[in-house]
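[1] no FASTA, just this:
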């Protein structure tokens, strides 16, 4: 293809892209939207017959507009008894009709009004000093009533201002739950006037003396309530409670420990007087007192709180607990007890790219919309390993990309398969599944630029990243052994035919971290094999770029050793660009003992600058070699047979957009 033809192709593609984004990006996607012709001015609006003008005025101001009784644009907010289209969770439903210089909102509750305003926020177009909104008719409601995130601040600490920022940003995308895991063996992070020793600096094993005051906790509850976000405080009992025992000298399950814990619950329930639920943990503990859980549940319920507990945990019967939260693959639904699904939602194990695909496509606890037994899902960040900064937590865990993905999938619903069936691979290009994810990716990247400009947001475009991946070659445990793809690919090797297969994405699991529990690229991955992936990249000019590469995603919860200097990992992985090897960075960590208190540095690429590369004008070949030995290792707790590779701008902020990935060199 000559240069003139290529320019025409790129120009045509840009026109197609423009046509696709001619309407505003909405995330999560509404249940029903009908676009209408024209736009309505939003610089000033007049309010018609609304009883709560002060609160509505604050919302209008938050969108950049103002109230002017002389404005030609009129806003009408009407509370109704039902929105008949909302088949589930009608309390959060709304209708937003914009036409003829009128913005009309119908909702059953104030929460529905608030969500309508978040959609309105996304409809706003700025033209110089003018604010315009697309005319449309939207009828919307969530598929699941719980759509949230959890921070383990017991093992770590996130300042209140940062929590507020996250809650505020995510409420714009209709995330409505913040699960605040306040206590752990490592530290008790909530101030107590009754037992001040709980937050004495000597009672912490990490981040000594960092905790939340009672005033800060109350302030955060109010902040959440203003954004219609439901705060769930968790006081873990009787497990994960070494900090309690250190400070008060009694195990929670002892008679004296229970007496002290009840006094503490009196205080905690007062601090969180304005929240409906209290989470009591009950996971990962050996029960020595069979009366502990029933007695504590009864005590907390008597204070007007509903109670949530982990599953696996205490074995409840219907009526003995108000809600369960499932963790690990062992979490089970219990008919008659609403469940929150957090089983495969631990982002401290997530890869930035592949796991996002799985999260997008997965349903919640096996259902496509909520019911009496399934309330929704919560994304959890368990940083067992010490993490130095909030930015590190946010970037390395892919926090914001994961949360926008959950916002989309739990609001829209409709997913047919769970992680176990769906897997994490992008579907074939042009398929309905592929097109749906690509549309979501476009919208997510739009909001990365519009809303999360100053936030750690490591995700870049991956739907255009195409590979050929070979059948795995048996290496007999000799990881350095070379096979034909390192020279010239031959289908025949040792009298066996080796084929290549298409794959798309910047993150590919050949075998998932959880083994065969979750489908990966290879249907039956075996130890002691070597795989290869390759593609060609067309660049219209010679240019400087960056590349993000990884063959072992270091989880934020493992006691792992850094890679050996000069190597990508312990598996003898390699990558070549135009037959020149790309060498790994100098690893900043050099420890030789497995420790939780050594923070990850540059083992993971998220939040770091990419490796600098030069793309030649024309075609550039990328080849990756991925051996694996045993699926268990002395160096890393979780052996991940995988790779990440994507070409980005020199600063790493975005994918490089003027290139074409094509394993067969076709434009």
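    Received, thanks. Keep in mind it's a predicted model, so treat the numbers as computed, not measured. Numbering: from 1, shown residues only.

[2] and residue 292, what does it touch?
    237-238, 252-253, 258 (CB atoms under 8 Å, 6 or more residues apart in numbering). For the C-beta atoms, the positions are set from N, CA and C on the backbone; glycine is no exception.

[3] which ones are touching the nearest residue to residue 617 once chain neighbours are set aside?
    Nearest-residue entry for residue 617: residue 542, 4.6 Å, with adjacent residues in sequence omitted and distances by CB to CB, 6 or more residues apart in numbering. Counting by CB under 8 Å, 6+ apart, residue 542 touches 614-617.

[4] Let me have these in JSON lines, adding neighbour count and secondary structure as columns.
    Below are these laid out as JSON lines (neighbours: other CB atoms under 10 Å; DSSP: H, G, I helix; E, B strand; the rest coil):
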{"residue": "614", "neighbour count": "13", "secondary structure": "strand"}
{"residue": "615", "neighbour count": "23", "secondary structure": "strand"}
{"residue": "616", "neighbour count": "14", "secondary structure": "coil"}
{"residue": "617", "neighbour count": "11", "secondary structure": "coil"}
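
[5] Mark which of the contacts of residue 292 are part of helices, please.
    Taking DSSP state H as the definition of helices, the contacts of residue 292 contribute residue 258.

[6] where does residue 14 land on pLDDT?
    Among the per-residue scores, residue 14 holds a pLDDT of 43.

[7] looking at it, residue 377 is touching residue 366, isn't it?
    No - between residue 377 and residue 366 there is no contact under CB atoms under 8 Å: 11.7 Å.

[8] higher neighbour count, the two?
    Higher neighbour count among residue 377 and residue 366: residue 377, with 30 against 16, using other CB atoms under 10 Å.

[9] before we move on, back to that, can you tell me which of the contacts of residue 542 is closest to residue 301?
    Residue 301 has its nearest neighbour among the contacts of residue 542 in residue 615, at 63.3 Å by CB to CB.

[10] does the closest one really touch residue 545, like I thought?
    Yes - in this structure, residue 615 is within contact of residue 545 by CB under 8 Å, at 5.5 Å.

[11] which residues do the two both contact?
    Among the neighbours of residue 615, those also in contact with residue 545 (CB under 8 Å, 6+ apart) are residue 647.

[12] Okay, helices next: where are they in this protein?
    Chain-ordered helices for the chain, with DSSP H as the definition, fall at 3-20, 53-62, 110-123, 160-171, 214-226, 242-248, 255-271, 292-301, 354-361, 390-396, 399-412, 419-422, 432-450.

[13] and of these, who's closest to residue 320?
    For the helices of the chain, proximity to residue 320 was assessed by CB to CB; helix 292-301 is nearest, at 6.8 Å.

[14] How far off centre is that closest one?
    33 Å (CA atoms, centre = their mean, to the nearest Å).

[15] and what of stretch 225-235?
    Centroid separation for stretch 225-235 versus its chain: 19 Å, with CA atoms, centre = their mean.

[16] now do stretch 115-124
    22 Å.

[17] Show me what counts as buried in it.
    For stretch 115-124, the neighbour count (16 or more other CB atoms under 10 Å) marks 115-120, 122-123 as buried.

[18] Nearest to residue 200 among these?
    Top of the list for closeness to residue 200, among the buried residues of stretch 115-124 and by CB to CB, is residue 118 at 41.9 Å.

[19] Pull the contacting residues for that closest one.
    If you count contacts by CB under 8 Å, 6+ apart, residue 118 has them with 171-174.

[20] Contacts only, for residue 271.
    Counting by CB under 8 Å, 6+ apart, residue 271 makes contact with 190, 214, 217-218.

[21] Adding pLDDT, write those out as TSV.
    Listed next are these as TSV, based on pLDDT from 0 to 100:
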residue	pLDDT
190	98
214	98
217	98
218	98
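
[22] Are any of those residues buried, and if so which?
    Counted by 16+ other CB under 10 Å, the contacts of residue 271 give 190, 217-218 as buried.

[23] Closest one to residue 130 out of these, please.
    Distances from residue 130 to the buried ones among the contacts of residue 271, taken by CB to CB, are shortest for residue 218, at 40.8 Å.

[24] Next up, the contacts around the closest one.
    Counting by CB under 8 Å, 6+ apart, residue 218 touches residue 271.

[25] which residues of this protein score low on pLDDT?
    Within the chain, the stretches with pLDDT under 70 are 1-21, 49-53, 488-495.

[26] Tell me the bridge partners for the closest residue to residue 42 other than its chain neighbours.
    The shortest distance from residue 42 to any non-neighbouring residue, by CB to CB, 6+ apart, is to residue 131 (4.1 Å). Beta bridges link residue 131 to residue 126, judged by DSSP bridges.

[27] Wait, residue 131 touches residue 64, no?
    Yes - using CB under 8 Å, residue 131 is in contact with residue 64, at 6.0 Å.

[28] who's more crowded, those two?
    The residue with more neighbours, out of residue 131 and residue 64, is residue 131; 20 against 12, by other CB under 10 Å.

[29] Please enumerate the shared neighbours of residue 131 and residue 64.
    With CB under 8 Å, 6+ apart as the test, residue 131 and residue 64 both reach 42, 124.

[30] care to break this structure down by domain?
    Domains of the chain are assigned by automatic domain parsing as 32-140, 146-419, 460-661.

[31] and of the ones you listed, who's closest to residue 440?
    Across the domains of the chain, residue 440 has its closest neighbour in domain 146-419 (5.8 Å, CB to CB).

[32] how far out from the middle of the chain is the closest one?
    Distance, stretch centre to chain centre, for domain 146-419: 16 Å (CA atoms, centre = their mean).

[33] burial count for residue 631?
    Neighbours around residue 631, by other CB under 10 Å: 15.

[34] so residue 520 makes contact with residue 512?
    Yes - look at residue 520 against residue 512 with CB under 8 Å: they come within range, at 4.5 Å.

[35] So these two - more neighbours on which side?
    Set residue 520 next to residue 512 and count neighbours by other CB under 10 Å: residue 512 wins out with 25 against 22.

[36] check contacts around the closest residue to residue 331 other than its chain neighbours.
    Closest residue in space to residue 331, ignoring its immediate chain neighbours: residue 343 at 4.7 Å, by CB to CB, 6+ apart. Applying CB under 8 Å, 6+ apart to residue 343 gives the contacts 326-329, 331.

[37] returning to that earlier point: save the domains of the chain as a markdown table, and put in distance to residue 452 too.
    Converted to a markdown table, these look like this (distance: least, CB to CB, whole Å):
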| stretch | distance to residue 452 |
| --- | --- |
| domain 32-140 | 14 |
| domain 146-419 | 6 |
| domain 460-661 | 11 |
